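> Sharing a model that was predicted from the sequence below.
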Amino acid sequence: MADIYLEIVTPERVVVGEQAQTVTAPGSEGEFGVLPGHTPFLTSLQVGSLRYKDASGAERCVFVSKGFAEVLPDRVTVLAQSGERRSDIDIERARQAMKRAQERLESGAPDVDFERAKAALLRAQHRLSLAESRAAARMSS
């Protein structure tokens, strides 16, 4: 089976740059999947988990926070505001971010930017969920 080159880039770094068998990403209109030879398209992304099978067939997950994806028959390029491999997510840091966002939302303070706080909460929830799924998988093996 031919592979797809997957590249996930944030303003700070290249998060992923490797061959993949399949890619599934959180598009703005819903999740989409890509196989080698896919029809080209460009889409925006929402906050969520991008999953892919690496060249050996192992499933990998990356948290992505908004951005764009370009799909070509042999390549998927993701330009994301932020991105983190599941193995790099600090669970405690994600919990603290979620707690801070919840406190801002619950405070009712007039100077709180509620849209920004809701976005921070959504990012923290996705990061925590992804990281905890890694921890649960380790405990069951």
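Cool, got the structure.
> The helix ranked longest in the chain - contacts with which helices or strands?
Assignment by DSSP state H gives helix 114-140 as the longest helix of the chain. The criterion is 3 or more Cβ pairs under 8 Å, 6 or more residues apart in numbering; DSSP states H and E, and the helices and strands that helix 114-140 contacts are strand 48-54, strand 59-72, helix 91-107. Using the backbone N, CA and C atoms, a C-beta is placed for each residue, glycine as well.
> quick one: buried residues of it?
Residues 117, 120-128, 130-131, 134 are the ones in helix 114-140 that count as buried (16 or more other Cβ atoms under 10 Å).
> Check stretch 20-38 too.
20, 21, 22, 23, 24, 25, 26, 27, 32, 34, 38.
> Redo the buried residues of helix 114-140 as TSV? Include distance to residue 58 and pLDDT.
As requested, the buried residues of helix 114-140 are exported to TSV (distance: Cβ to Cβ, whole Å; pLDDT from 0 to 100):
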residue	distance to residue 58	pLDDT
117	36	81
120	31	81
121	31	81
122	28	85
123	26	84
124	27	83
125	25	85
126	21	85
127	21	85
128	23	85
130	16	85
131	18	83
134	13	61
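> and of those, the nearest to residue 80?
residue 123 (11.4 Å; Cβ to Cβ).
> what residues are up against that closest one?
Neighbouring residues of residue 123 by Cβ atoms under 8 Å, 6 or more residues apart in numbering: 47, 65, 82, 97.
> Thought residue 79 was touching the second one, still the case?
No - under the criterion of Cβ atoms under 8 Å, residue 65 is not in contact with residue 79, lying 11.5 Å apart.
> If you count surrounding residues, which of the two has more?
Ranked by neighbour count (other Cβ atoms under 10 Å), residue 65 and residue 79 place residue 65 first, with 20 against 17.
> hey, what's the more buried one bridged with?
Taking DSSP bridges as the rule, residue 65 bridges to residue 82.
> and residue 108, how many neighbours?
For residue 108, the neighbour count with other Cβ under 10 Å is 8.
> I'd like the distance between residue 44 and residue 30.
Distance, residue 44 to residue 30, by Cβ to Cβ, to the nearest Å: 12 Å.
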